[in-house]
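# sequence below, structure please.
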Amino acid sequence: MTIEIAKIRSDFQILDQIVNDEPLVYLDSAATTQKPRQVLDAIRAYYEHDNANVHRGVHTLAERATADYEASRDKVRAFINASSRKEVLFTRGTTTALNWVAKFAEQILQPEDEIVISIMEHHSNIIPWQQAAAKTGAVLKFVYLKDGELDMADLRDKVTNQTKFVSITHVSNVLGVINPVKEIAQIVHEHGAIMVVDGAQSTPHMTVDVQDLDCDFFALSGHKMAGPTGIGVLYGKEALLNQMNPIVFGGEMIDFVYEQSATWKELPWKFEAGTPNIAGSIGLGAAVDYLTEIGLDNIHQHEQDLLNYVMPKLREIEGLTIYGPEDNQRRGGVIAFNLDGLHPHDVATALDMEGVAVRAGHHCAQPLIDYLGLPATARASFYIYNTFADCDKLVEAIKLTKAFFGV
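Below you'll find the model as predicted:
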């Protein structure tokens, strides 16, 4: 099935604007996606018609707000195929979710235990594990790359019976590579360890089934998947979440409070202290509805079509280097690249003058950029609203940049 790109683009009013005297071509969706009117309308409707705190009131507005908030949890559960709504915790985003898991690791880890991550991880999947290792005496080990992809032989060597946690990105936000997390989970579980997946860059772009992947934890962000900022989800297997201590304490997450002690609510609410991001959760639910209607398999195929169209054109540009796997089927809609003789920031600035929005820098992945021996890269990333014309504009803008700088 081909997605109706014109209809989809009409839902994203922000795309219909002029930037530096050029029509906007937004190619920075790996940083954050744009939001369709259906998501904006859902947030506006909550504030204009149902604004009240959740779980606490018996009046009509409170009951409506609570119903919509919890309905979003059910939508996310179905979206990622969690076995129970108890396994879906609302967080601020992937960073918060991964920090929570690393805090749980601190409950378990002993000196000389091992944590295994990859060199391609986002900082949010590195620093929490550095902190957990420092606090517990555990050893943090890195898996490296082969031909722009995760070196599975290295991973098999690094995961041992001393390993307690393995945390790997599903899709790299720099290389675009789709990691075989189901296969990795099997290896991890053979050694009795816990498998954590950073799903920030996969959940918006392809079908995710956490039960099929058999991961123990899975983190995602709403703003990467056409939802609002400040909302995300931590999925965890119920048995592990029951072992996990709350991270934030206060109202809403308690069952009973005494002078010297307190008891916690059942899952998932024991992790959701205080007034939650109600509007964000409702907006996330609307985003799930929107993506579900289009179909995640259709979204993935659309991005594959864009990659298959633009990659040969990019590879024809002299002096342009693309990072990540050669096989487009093994990557998501992320293209990190450099132009010989130009700093990526200069490339991104020049592209912006042509109306093309890309990212430049280390992409919150400094260890990877250092491993590749680079100062930074430029990055173009695609989503449901991008077109072949956007691809052509990217190629044209890069060629104009080369001509302008004489490289």
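
# which sections of this structure are below the confidence cut-off?
1 (pLDDT under 70).

# buried sites along stretch 6-23?
For stretch 6-23, a neighbour-count test (16 or more other C-beta atoms under 10 Å) marks Ile8, Arg9, Asp11, Phe12, Leu15 as buried. (Each C-beta comes from the backbone N, C-alpha and C, glycine too.)

# ok, now how distant is the second one from Ile384?
According to C-beta to C-beta, to the nearest Å, Arg9 stands 9 Å off from Ile384.

# kindly report the same for the first one.
Between Ile8 and Ile384 the distance is 6 Å, computed by C-beta to C-beta.

# what do these two both touch?
Here Ile8 and Ile384 have Ile294 as joint contacts, going by C-beta atoms under 8 Å, 6 or more residues apart in numbering.

# helices of the chain, start to end?
5-10, 37-45, 60-80, 94-108, 127-136, 152-158, 181-190, 210-213, 238-243, 278-294, 296-315, 344-353, 366-371, 388-405 (DSSP state H).

# quick one: which of these is nearest Ser221?
helix 94-108 (4.5 Å; C-beta to C-beta).

# now for that closest one, which elements pack on it?
On a contact count with 3 or more C-beta pairs under 8 Å, 6 or more residues apart in numbering; DSSP states H and E, helix 94-108 meets strand 88-91, helix 127-136, strand 163-169, strand 194-198, strand 217-221, strand 232-236, helix 238-243.

# what's next to the shortest one, contact-wise?
Contacts to strand 88-91, defined as C-beta under 8 Å, 6+ apart, come from residues 73, 76-77, 80, 82, 97, 100, 219, 231-236, 241, 267-268, 271-272, 276-277, 281.

# how about Leu307: what's its closest non-neighbour residue?
Nearest residue to Leu307 in three dimensions, chain neighbours excluded: Asn328, at 4.4 Å (C-beta to C-beta, 6 or more residues apart in numbering).

# gap between the one you found and Lys75?
31 Å.

# neighbour count: the two, which is higher?
Asn328 (21 against 18; other C-beta atoms under 10 Å).

# pretty sure that one contacts Leu306?
No. Assessed by C-beta atoms under 8 Å, Asn328 is found out of contact with Leu306, at 9.6 Å.

# measure stretch 79-88 end to end?
11 Å (C-alpha to C-alpha, to the nearest Å).

# just to revisit the earlier point, how about the helices and strands packed on helix 94-108 in CSV, adding mean neighbour count and distance to Val188?
As requested, the helices and strands packed on helix 94-108 are exported to CSV (neighbours: other C-beta atoms under 10 Å; distance: least, C-beta to C-beta, whole Å):
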stretch, mean neighbour count, distance to Val188
strand 88-91, 25, 21
helix 127-136, 18, 15
strand 163-169, 26, 5
strand 194-198, 27, 4
strand 217-221, 29, 12
strand 232-236, 28, 15
helix 238-243, 14, 13
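
# for the ones you listed, which one sits closest to Gly341?
strand 163-169 (30.9 Å).

# list the contacts for Glu106?
Counted by C-beta under 8 Å, 6+ apart, Glu106 has contacts Ala132, Lys135, Thr136.

# with adjacent residues omitted, what lies nearest to the last one?
Taking C-beta to C-beta, 6+ apart, and ignoring the residues beside it in sequence, Thr136 has Leu109 as its nearest neighbour in space, at 3.9 Å.

# and the one you found, how close does it get to Gln162?
For Leu109 relative to Gln162 (C-beta to C-beta), the value is 11 Å.

# looking at the two, which has the bigger crowd around it?
Leu109 (21 against 15).

# hmm, the more buried one is touching Ala132, no?
Yes. Counting by C-beta under 8 Å, Ala132 is a contact partner of Leu109 at 6.3 Å.

# need the residues touching each of those two.
Ile115, Ala138.

# Lys313: neighbour count?
Lys313, neighbours per other C-beta under 10 Å, totals 15.

# could you find the closest non-adjacent residue to it?
Lys313 sits nearest to Val395 (C-beta to C-beta, 6+ apart), 4.7 Å away.

# and what of Asn161?
Asn161 sits nearest to His191 (C-beta to C-beta, 6+ apart), 5.4 Å away.

# contacts only, for the one you found.
Val159, Thr160, Asn161, Thr163.

# now do the first one against Pro228, distance only.
Going from Val159 to Pro228 by C-beta to C-beta gives 37 Å.

# again, but for the second one
Taking C-beta to C-beta as the measure, Thr160 falls 41 Å from Pro228.

# one more: Phe249?
When C-beta to C-beta is the yardstick, Phe249 and Pro228 sit 26 Å from each other.

# next one: Ile294
18 Å.

# so for the two, which sits in the more crowded spot?
Comparing Ile294 with Pro228 by other C-beta under 10 Å, the one with more neighbours is Pro228, at 21 against 17.

# out of the helices of the chain, the one nearest Ala262 is which?
helix 238-243 (17.1 Å).
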